[in-house]
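*Asks:* Build me a model from this:
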Amino acid sequence: MLTAKQTPEQCAVEIVSVVPQVVRFLRSQMRQGDASLSLSQLRVLNYLKRCPQASLTDVSEYLDVTRATMSATIERLVQRGLVERIEDPQERRRVLLSLTPTGEQQLQQVLQRTRSQVAQKLDNFSDEQLQQLLQGLWLLRQAFEETDI
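*Replies:* Here you go, the predicted structure:
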């Protein structure tokens, strides 16, 4: 419950409590969206959407897995026609990764279904509550904005 004066520590307690619940919900919805893709594969597709022509190292570091693990994941996505490897014109030994149109389409379908489920959760919020929520999310984004992506 909100009190007259909030401290950063009180906000931190709420963020650490609520964010994992939201993430669990999002993950469960994304898994339901396309049972043929693992959550890790969806995270790779989402990363490549935001960072086209990323290297294997970029993706493995972002997802905090080994290069060998990421290489196997990428290989499966390439075989399914969702990701393509492109030789870096500047550095022949470096391979760049990008979504294919099929990969983009599958990712968009999963994200749209997930967004619809989130919207249903928010359906009973008033306009004022939705404004407050958006303002809070904007503030969180500002506080945690990733500068390297």
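
*Asks:* What count of nearby residues applies to residue 131?
*Replies:* Using other Cβ atoms under 10 Å, residue 131 has 11 neighbouring residues. (Each C-beta comes from the backbone N, C-alpha and C, glycine too.)

*Asks:* I'd like to know how far it sits from residue 18.
*Replies:* 18 Å (Cβ to Cβ, to the nearest Å).

*Asks:* ditto for residue 56
*Replies:* Distance from residue 56 to residue 18, by Cβ to Cβ: 34 Å.

*Asks:* And residue 98, by the same measure?
*Replies:* Remark: distance between residue 98 and residue 18 (Cβ to Cβ) = 34 Å.

*Asks:* from memory residue 84 sits against residue 78, does it?
*Replies:* Yes. Applying Cβ atoms under 8 Å, one finds residue 84 in contact with residue 78, separated by 6.8 Å.

*Asks:* need the contact list for the nearest residue to residue 27 once chain neighbours are set aside.
*Replies:* Take residue 27 and drop its neighbours on the chain: the residue closest to it by Cβ to Cβ, 6 or more residues apart in numbering is residue 39, 5.8 Å away. Contact partners of residue 39, counting by Cβ atoms under 8 Å, 6 or more residues apart in numbering, are 27, 30, 31.

*Asks:* Relative to residue 52, which of those is nearest.
*Replies:* residue 30 (20.7 Å; Cβ to Cβ).

*Asks:* Go ahead and confirm that closest one touches residue 112.
*Replies:* No. Counting by Cβ under 8 Å, residue 30 sits too far from residue 112 to count as a contact (11.1 Å).

*Asks:* between the two, who's got more neighbours?
*Replies:* Comparing residue 30 with residue 112 by other Cβ under 10 Å, the one with more neighbours is residue 30, at 21 against 11.
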